[in-house]
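J.: After the sequence you'll find the predicted model.
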Amino acid sequence: MPATAAARPTDESTPSTKYHVVRDPGEVREVFRRVEEFMPTNALTTVVPLSATALRVLSRARFALPPVLASATGDRHRAVRKMVAAFFTPAKVEAVGPRVTTLTRQRCQAAAKALESGPIDLADIIGRRIPPVIMQELTGFACPDLMLLKRWSRDSLELFWGWPDEERQVVLAISAAEFYGWLRETVIASKGDDSLFGVLHAAGLSTPEICSLGYFLVIAGQETTAQLINIAFYRALQNRTLWHELSQGASAAAFVRGVLASESSVHTWRRVSAMDSLLGGVNLPAGAEILLELSGQHPAGAVPTAYSLAFGHGLHRCLGAKLAELETITVLEETARAFPTLVFTGPEPKWIRLLSFQTPTTVMATLEPA
């Protein structure tokens, strides 16, 4: 079931008061298409203003996010997008499929051993482990230690898309500064190599521009996919018939696409009106902030491609869409085949609920008694 509303606080930052919320999928696509009227300049801004203390923490780290990809538009955006897309072509994504299978089977072996001692957390032992490896191998730059990467990623998502109070903002800003420091060193060290960062250097992008692109690319390239995998795990384990069919070799593609359409890990995105505009019969003034609901709003019987909106649309469609889909389908299929009698166990999990991101923090499972 869609869960977008649960992420929203009841104070002045509630989307119903701060944002013009667009729910109709057709209107969402229209916003993405009208690129001159509805700009991405607020896509990577914090949901709540940061305190002076948090800003000082970021400033000391030379933290800067000039518009390059997700928050940019125009010819510059298209040129950079083309360079990044070269690392995620359909052929490269297809070629990485066997590697995803191998990694998943390795993680299932670890899960099998852990199951000997009791329930396991699929989110931890499988879900979070595979996307970082694949991203690293496709982009050519090495990621930090997994647990450190996960902490940095989740803290940054909360800093930019959550509603942290001033005390929490400082904690998150310190983490973001650490992340940015690692990223800056990695970007500088990539000059002259054939990694994604090296290619961007060779094309003339500055270090701050590459860091800006890399900051959220590193997160999007692994954390949001892991979040999607965990939602898929959680919902699949609630359907015993589906799990049995998957364990017997059925494809998970239709199910995963259903999750993307109804409950994606990236369930909303933002735009801002660059001029006075008319949208869906509503007059929007210049500067109006818009929240686009990407999943959870498709009517029953929607076209089979409805799931695609979860990855955006048009010039800003997610470059890793096919990769995220492939990873989620493969991980779900291989896990079900490895553990036909796996069942969800324990209390309902807590969820991360941010303006644009959601996922269960754990997916506890055990083997059904014989």
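T.: Good, I have the coordinates.
J.: and the nearest residue to residue 308 once chain neighbours are set aside, how many neighbours?
T.: In space, residue 308 comes closest to residue 321 once its chain neighbours are excluded; the distance is 7.4 Å by C-beta to C-beta, 6 or more residues apart in numbering. Glycine gets a C-beta too; all of them are placed from N, C-alpha and C. Neighbourhood size, residue 321 [other C-beta atoms under 10 Å]: 17.
J.: Equivalent analysis for residue 252, please.
T.: 22.
J.: which residues touch it?
T.: 232, 236, 246, 328, 329, 332, 333, 336 (C-beta atoms under 8 Å, 6 or more residues apart in numbering).
J.: Out of the residues you listed, who's the most crowded?
T.: Busiest of the contacts of residue 252 [other C-beta under 10 Å] is residue 328, holding 30 neighbours.
J.: Which elements pack onto the helix or strand containing that residue?
T.: Per DSSP states H and E: residue 328 is located in helix 321-338. Here helix 321-338 touches helix 90-95, helix 97-115, helix 130-139, helix 223-237, helix 240-247, helix 253-263, going by 3 or more C-beta pairs under 8 Å, 6 or more residues apart in numbering; DSSP states H and E.
J.: what's the closest of those helices to residue 293?
T.: Closest approach to residue 293 among the helices and strands packed on helix 321-338 (C-beta to C-beta): helix 253-263, 11.4 Å.
J.: And the closest one, what's buried?
T.: For helix 253-263, burial by neighbour count (16 or more other C-beta atoms under 10 Å) applies to 255, 256, 257, 259, 260, 261, 262, 263.
J.: before we move on, back to that, of the contacts of residue 252, closest to residue 277?
T.: Among the contacts of residue 252, and counting by C-beta to C-beta, the member closest to residue 277 is residue 328, at 35.4 Å.
J.: Distance check, the closest one against residue 104.
T.: Distance, residue 328 to residue 104, using C-beta to C-beta, to the nearest Å: 11 Å.
J.: again with residue 312
T.: The gap separating residue 312 from residue 104 is 26 Å, by C-beta to C-beta.
J.: who's more crowded, those two?
T.: More crowded of residue 312 and residue 104, by other C-beta under 10 Å: residue 104, with 24 against 21.
J.: which residues does that one contact?
T.: 126, 130, 330, 331, 334, 335.
J.: Out of the residues you listed, who's the most crowded?
T.: Of all the contacts of residue 104, the highest neighbour tally under other C-beta under 10 Å goes to residue 331, namely 31 neighbours.
J.: Correct me if wrong: it contacts residue 101.
T.: No. Assessed by C-beta atoms under 8 Å, residue 331 is found out of contact with residue 101, at 9.2 Å.
J.: No further queries at this time; thank you.
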